[in-house]
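[1] Provide a 3D model corresponding to the input given below.
(one chain, ligands or ions: 1)
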Amino acid sequence: MYDLAIYGSGFAAYAAAQAAVRRGLKVAVIDKGGRDSLKQSLEMSQVSGNWEPIRSGGFDFGAADLKKFSHSPRFVGLGGTSAMWSGKWRPLDAIDFDREISGRKWPISYQDMRQNYQVVEKLFGFSTFTEPQLLESFKELQSCGIRVVPFAQEHEVTRLKQRWIDLQATSKVSLYEGATSIEFLADKGSVRSARIRHDTSNPLEVSAHNHLIAAGCIGSTELISALISKAPCSKNTKYTGYMDHPKGPIGKLIPRKNLDCLDAILSPTHPYIRFALALPEEELLKTGLPNSTIFLWGQSGYGAKLAHWYNRRSVSLIVNVDQFPEADNRLEVEPFTRANWRINGNTRRMLDRFLDLFIPRIEMAFGRVERLAWVPLRASSHPAGTTPLSKFPKEDWELTAEGRVSKFENIFCASSSAFPVCGSANPTMTVAALGNHIVHRLL
Ligand SMILES: Cc1cc2nc3c(=O)[nH]c(=O)nc-3n(C[C@H](O)[C@H](O)[C@H](O)COP(=O)(O)OP(=O)(O)OC[C@H]3O[C@@H](n4cnc5c(N)ncnc54)[C@H](O)[C@@H]3O)c2cc1C
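    From the prediction side, this is the model:
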């Protein structure tokens, strides 16, 4: 009998397992994928539907025949999507926890979440700490109505596969990989065990006092859907969510002033810290505008070229959009998983309002902006919000404020499917913080 069974082995699962290990708990980790072939894992992760084509800016999987999978929003295998991700850590902003969007709001306060963010920083060895002299150089931007947002960009990107193998060798963690099907066995609102099947062996039953679904947005939604279909409750198979931070180029900045400040943003002294530009939080609260951010090209990601700025004396501006939840954006899991994610009219209207307000401020701070008439927005690789946390869950697939699947007393979920609201931060730091939060505070 395990204290905790975790389904999935990405960042949420890893942070949760580490929190459980620190408390001396006995943990089973059950993953649909194995630890071998990248190609096989990517094939298993396909999702059908009208999904907006998903690419990760210039990401190279290292093998030409894998490029055709580069639209895949998830990875099935030990270590989860850490095999593909780009290593950009960013917490949500305080405002994302403070406001309600489309009837959704975080039931966890920013203050509470900050402690989890700090645990995650320690666990993965990075820091979003910003040096005081840098903050000082951004003061002038504040007077133009611009907020500067720091995030950490890893040089050596964290991949979790080997970390799991090491954890199994040194603690009370057992790995069950290649579980092609998982069936929860539940009585009277309590999950007793999971029956797992492998391709080659007889089913195996794993019993645990508590269960944590941490199978990414799509996998977690599928597992919750399968679980609630066992409870005496209505079954709805359309899960509304959103794509967190679709992005695209908005134009070009030709800077004339505040060049030292621009230098500090493009080429910070701290090797891991990068910056994005945003609207002040009070203004977002008052106006309801999206918490989108603007990145200066050359500061992050693969093939980043500061030379772009120094040689051509211009900087490309990229927007990361805060997309709000909408009925159009959804997962359907019956009879098979289909994703219907769109960059629709509402997102575009909000983006136009945001840019109309923000671009004059960038011009006031730095110089002329040559704005594109039409922003070619691309979906990001981050579906979210399909089984949101809620103080008062109205639907069977909504989670309680503690992250519990509401009809059951001992099964929780930590993944981006649980985000009620997202902002434009990359999701992984919050996904991992949620894994830590649920185990540390609630089990
Ligand atoms: C190309 C790319 C680049 C990215 N770059 C960034 C970035 O720079 N910064 C950032 O913050 N985020 C980034 N992301 C997103 C990031 O990868 C995810 O936010 C993160 O991996 C989510 O972690 P997770 O633990 O929730 O799920 P995942 O890492 O997706 O892991 C889910 C796990 O569940 C398993 N699983 C699935 N279904 C089942 C099931 N039914 N039963 C059991 N197990 C199951 C899978 O095998 C997998 O191990 C990127 C994503 C992609 C695709």
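
[2] Now do the contacts for the residue in the stretch 151-300 of the chain that the ligand sits nearest to.
    Nearest to the ligand, among the residues of the stretch 151-300 of the chain, is residue 219, at 2.6 Å (Cβ to the nearest ligand atom). Yep, even glycine has a C-beta here, placed from its N, CA and C like the rest. Neighbouring residues of residue 219 by Cβ atoms under 8 Å, 6 or more residues apart in numbering: 7-8, 32, 74, 76, 415.

[3] Need the three-state assignment for it.
    helix (DSSP: H, G, I helix; E, B strand; the rest coil).

[4] Up against the ligand, what does the stretch 201-350 of the chain have?
    214-216, 219, 222-223 (Cβ under 6 Å from any ligand atom).

[5] so of these, which ones are in helices?
    216, 219, 222-223 (DSSP state H).

[6] for these, which one is nearest residue 242?
    residue 216 (15.3 Å; Cβ to Cβ).

[7] Mean pLDDT per element in the protein, and the minimum belongs to which helix or strand?
    The helix or strand of the chain with the poorest confidence is helix 307-312; it has a mean of 55 (mean pLDDT, DSSP states H and E).

[8] burial count for residue 257?
    12 (other Cβ atoms under 10 Å).

[9] what residues are up against it?
    The contact partners of residue 257, taken as Cβ under 8 Å, 6+ apart, are 365-367.

[10] Helices along the chain, start to end?
    11-22, 38-44, 94-98, 110-124, 132-137, 139-143, 161-170, 216-228, 259-266, 281-287, 307-312, 345-365, 428-437.

[11] Make a markdown table from those helices and add distance to residue 338 to it.
    A markdown table is the format used below for these (distance: least, Cβ to Cβ, whole Å):
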| stretch | distance to residue 338 |
| --- | --- |
| helix 11-22 | 24 |
| helix 38-44 | 16 |
| helix 94-98 | 28 |
| helix 110-124 | 32 |
| helix 132-137 | 46 |
| helix 139-143 | 43 |
| helix 161-170 | 29 |
| helix 216-228 | 10 |
| helix 259-266 | 41 |
| helix 281-287 | 33 |
| helix 307-312 | 40 |
| helix 345-365 | 20 |
| helix 428-437 | 23 |
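
[12] most neighbours per residue, which of those helices?
    Neighbour counts (mean count of other Cβ atoms under 10 Å) averaged over each of those peak at helix 428-437, with a mean of 28.

[13] got the contact list for that helix?
    By Cβ under 8 Å, 6+ apart, the list of residues contacting helix 428-437 reads 10-16, 18-19, 85, 89-92, 108, 112-113, 116-117, 119-120, 123-124, 212, 214, 403, 414-416, 418-419.

[14] Show the contacting residues for residue 388.
    Going by Cβ under 8 Å, 6+ apart, residue 388 touches 104, 325, 398-399, 417-420.

[15] and if we set it to 6 Å?
    Residue 388 makes contacts with 104, 398, 420, as judged by Cβ atoms under 6 Å, 6 or more residues apart in numbering.

[16] can those residues go into CSV with extra columns for neighbour count, distance to the ligand and pLDDT?
    What follows is the contacts of residue 388, written out as CSV (neighbours: other Cβ atoms under 10 Å; distance: Cβ to the nearest ligand atom, whole Å; pLDDT from 0 to 100):
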residue, neighbour count, distance to the ligand, pLDDT
104, 21, 19, 95
398, 19, 18, 93
420, 24, 16, 96
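
[17] any idea how far residue 142 is from residue 281?
    For residue 142, the distance to residue 281 equals 12 Å [Cβ to Cβ, to the nearest Å].

[18] So what does residue 102 look like in phi/psi?
    phi 50, psi 40 (degrees, to the nearest 10).

[19] right, and it touches residue 327 too?
    No: using Cβ atoms under 6 Å, residue 102 is not in contact with residue 327, being 9.5 Å away.

[20] the more surrounded of these two?
    residue 102 (15 against 10).

[21] what's the spacing between that one and residue 346?
    Residue 102 is 10 Å from residue 346, by Cβ to Cβ.

[22] got it, and residue 43?
    Distance of residue 43 to residue 346, given as Cβ to Cβ: 34 Å.

[23] what's the closest non-adjacent residue to residue 213?
    Distances taken as Cβ to Cβ, 6 or more residues apart in numbering place residue 413 nearest to residue 213, at 4.4 Å, with adjacent residues excluded.

[24] Please verify my assumption that that neighbour contacts residue 215.
    No: assessed by Cβ under 6 Å, residue 413 is found out of contact with residue 215, at 8.7 Å.

[25] Put the alpha carbons of stretch 120-138 into CSV.
    In CSV, the C-alpha atoms belonging to stretch 120-138 read as follows (Å, rounded to 0.1, in the frame of the first residue of the first chain):
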residue,chain,number,x,y,z
VAL,A,120,10.3,25.1,-7.0
GLU,A,121,13.3,27.5,-7.5
LYS,A,122,15.3,25.7,-4.9
LEU,A,123,14.3,22.3,-6.4
PHE,A,124,15.4,23.1,-9.9
GLY,A,125,18.3,25.4,-9.0
PHE,A,126,17.4,28.8,-10.6
SER,A,127,16.3,32.1,-9.3
THR,A,128,14.1,34.9,-10.6
PHE,A,129,15.8,37.2,-8.1
THR,A,130,16.5,40.6,-9.8
GLU,A,131,19.6,42.7,-8.9
PRO,A,132,18.7,46.0,-7.3
GLN,A,133,20.7,48.1,-9.7
LEU,A,134,18.9,46.6,-12.7
LEU,A,135,15.5,47.4,-11.1
GLU,A,136,16.8,50.9,-10.6
SER,A,137,17.5,51.2,-14.3
PHE,A,138,13.9,50.3,-15.1
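
[26] ok, and what's touching that stretch?
    Residues outside stretch 120-138 that contact it (Cβ under 6 Å, 6+ apart) are 18, 89, 148, 150, 152, 158, 261, 264, 272, 429, 432-433.

[27] farthest-separated two in these?
    Applying Cβ to Cβ across those, the maximum distance is between 18 and 261, 38.7 Å.

[28] Report pLDDT for residue 231.
    According to the per-residue confidence, residue 231 scores 56 in pLDDT.

[29] Over to the one 10 residues further on?
    Among the per-residue scores, residue 241 shows a pLDDT of 89.

[30] where does the stretch 201-350 of the chain dip in pLDDT?
    Low-confidence segments of the stretch 201-350 of the chain (pLDDT under 70): 230-237, 267-271, 298-312.

[31] And the strands in it, which stretches?
    Per DSSP state E, counting those that start in this stretch, the stretch 201-350 of the chain carries strands over the ranges 204-213, 238-243, 247-255, 273-278, 293-296, 315-320, 326-332, 338-340.
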